[in-house]
Structures are given as C-alpha cells and as structure tokens.
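Engineer: Below is the sequence, then the predicted model.
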Amino acid sequence: DTGVSQDPRHKITKRGQNVTFRCDPISEHNRLYWYRQTLGQGPEFLTYFQNEAQLEKSRLLSDRFSAERPKGSFSTLEIQRTEQGDSAMYLCASIPTSGVDNEQFFGPGTRLTVL
Amino acid sequence: DAKTTQPPSMDCAEGRAANLPCNHSTISGNEYVYWYRQIHSQGPQYIIHGLKNNETNEMASLIITEDRKSSTLILPHATLRDTAVYYCIVRTYLYGSNYKLTFGKGTLLTVNP
C-alpha cells in the first residue's frame, strides 16, 4: 500500500453513461497525475496537477474527459458518454511537494469496463 | 519523448540473479532512468532510478552504461514474488522541475521454481 487510494476499484457501465473516479493522494503531496492503461500496454500519461492547477493535458484526454482537483487534495476524473474504447485501468499517482529527484507513488487503479 | 526498448519476456530461476536490459538511445543529458514493476492488476511499484551513476537499494541494482544509452536492472536473488512486468522508463520533463513518466510495454519476468 503506497498511501494513494482510488475509488471505486472496479466500475462496469453501459456505453453512453457518465462515470467519475476519485483519487486521494498522500496528504503532503501537492503534485498529482492521472494515467490510463489498456490491456497489454504500459500506463499512458493523461494529465498533471500541481495543487489545484491542471498544468498539462495529454492529447489522449478528449473533450469527453475532464479532471479536477478543487482544493488541491483529492482529484476526480470524469468520462462523459463512455465508449467501449474507454475500457481501461485508470491510475493515479502523486509525488511530494519539493524535489526533482523523487518517485511517483501509484494507487491501485480503477478498472473501467464499458459494455 | 525518449523511447525505451525492452525484451517482451524473460525467465529466471528462483534464487538466481535476474538481469533485465533496457535500451534508451535517445535519452537526453538531464533525463533520469526509472524502473517500476507491476504485478497483475495492481498499480506500478517503484523500484529504483538513476541519472549517470550506478545505483543500489534494498530491492535492486541499476547499472547505466557510460554513454547512458542503455541500462540493466539487477534483482540479485529473484523470488517467485518478483514475477511481474518490469518497466524501464525515461522521465520526461514537462517544464521546470515537473515531469511525466513515459512507459513502454515492459518485460514480463517469470521466476520459476
């Protein structure tokens, strides 16, 4: 257990529905990342927050995806009008406030299945 | 983004050293090499990282070639619990001190009894 938690761990939804995932990073970590991992592939970067500011977004993050970190603590990732291609593991990671030479702590992930 | 190349799979006998190679020929001078592993259906777990010098911690050793174009992760005494996908990653800067990890497909290491 790295101290990063994600909820839910599993989500099954029907195509066209909206889903929202939550990530709670380690409390003193101000930097937070979202990644997506499809079957047989490594995780792919989606977006990055420093405190409440979303500073970087991947081209993978289509208009149907939105991420927030309203108070600089937990973060949410919402997918609107889900498609079968959205089926994946969604991973959250956080790193400490300072320092350039440190590791990302990953949560256990939320596995999304779109039927 | 700097790319890494790893063999898709490797086998190792329990108790022996596992040596996992990685090529990162396009790495820039200030980019770190990170190693993570992922056991089935779990989040990636940090193992070790380095810039130029060889590194060792309680889990593994990282050997980086002098030209920094390749590296090797060494698990000195592999156990069955080390069976996992191992990712060699070049840390890519976003801006300033902020960065992202760019994963490849990794190497599936299977430790056999």
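Structural biologist: Arrived safely, thanks for sending.
Engineer: Now do the same contact list for A:Gln17.
Structural biologist: Going by CB atoms under 8 Å, 6 or more residues apart in numbering or on different chains, A:Gln17 touches A:81-82. Yep, even glycine has a C-beta here, placed from its N, CA and C like the rest.
Engineer: Checking it next. Helix, strand or coil?
Structural biologist: coil (DSSP: H, G, I helix; E, B strand; the rest coil).
Engineer: Relative to chain B, how far out is it?
Structural biologist: Separation of A:Gln17 from chain B (CB to the nearest CB, to the nearest Å) stands at 23 Å.
Engineer: what's the answer for A:Ser62, then?
Structural biologist: Between A:Ser62 and chain B the computed distance is 18 Å (CB to the nearest CB).
Engineer: Run a quick neighbour tally on that residue.
Structural biologist: A:Ser62 is flanked by 12 other residues according to other CB atoms under 10 Å in any protein chain shown.
Engineer: quick one: what helix or strand has it in it?
Structural biologist: Using DSSP states H and E, A:Ser62 sits in no helix or strand.
Engineer: Give me every residue in chain A lying close to chain B.
Structural biologist: Residues of chain A found near chain B (CB under 8 Å from any CB of the partner chain) are A:2, A:4, A:31, A:33, A:35, A:40-45, A:48, A:50, A:55-56, A:91, A:93, A:99-101, A:103-109, A:111.
Engineer: From what I see, B:Cys88 and B:Gly104 are in contact.
Structural biologist: Yes: in this structure B:Cys88 lies within contact range of B:Gly104 using CB atoms under 8 Å: 6.9 Å.
Engineer: Buried among the residues of chain A next to chain B? Need that as a selection in PyMOL.
Structural biologist: Per 16 or more other CB atoms under 10 Å in any protein chain shown, the buried members of the residues of chain A next to chain B correspond to this PyMOL selection:
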select buried, chain A and resi 2+4+31+33+35+42+43+44+45+48+50+56+91+93+103+104+105+106+107+108+109+111
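Engineer: Select from the residues of chain A next to chain B every entry located in helices.
Structural biologist: Of the positions in these, not one sits in helices, assigned by DSSP state H.
Engineer: Grab the most central residue of chain A for me.
Structural biologist: For chain A, the residue nearest the mean C-alpha position is A:Trp34 (3.2 Å; CA atoms, centre = their mean).
Engineer: Identify the bridge partners of that one.
Structural biologist: Bridge pairing for A:Trp34 (DSSP bridges) gives the partners A:Thr47, A:Cys92.
Engineer: Now do the contacts for it.
Structural biologist: Going by CB under 8 Å, 6+ apart, A:Trp34 touches A:23, A:45-48, A:67, A:75, A:77, A:90-92.
Engineer: Out of the residues you listed, flag the one nearest to B:Gly43.
Structural biologist: Nearest to B:Gly43 out of these is A:Leu91 (CB to CB; 5.6 Å).
Engineer: Help me confirm that that closest one comes into contact with B:Gln45.
Structural biologist: No: A:Leu91 lies out of contact with B:Gln45 (CB under 8 Å); the separation is 11.8 Å.
Engineer: Right, I'll leave it there.
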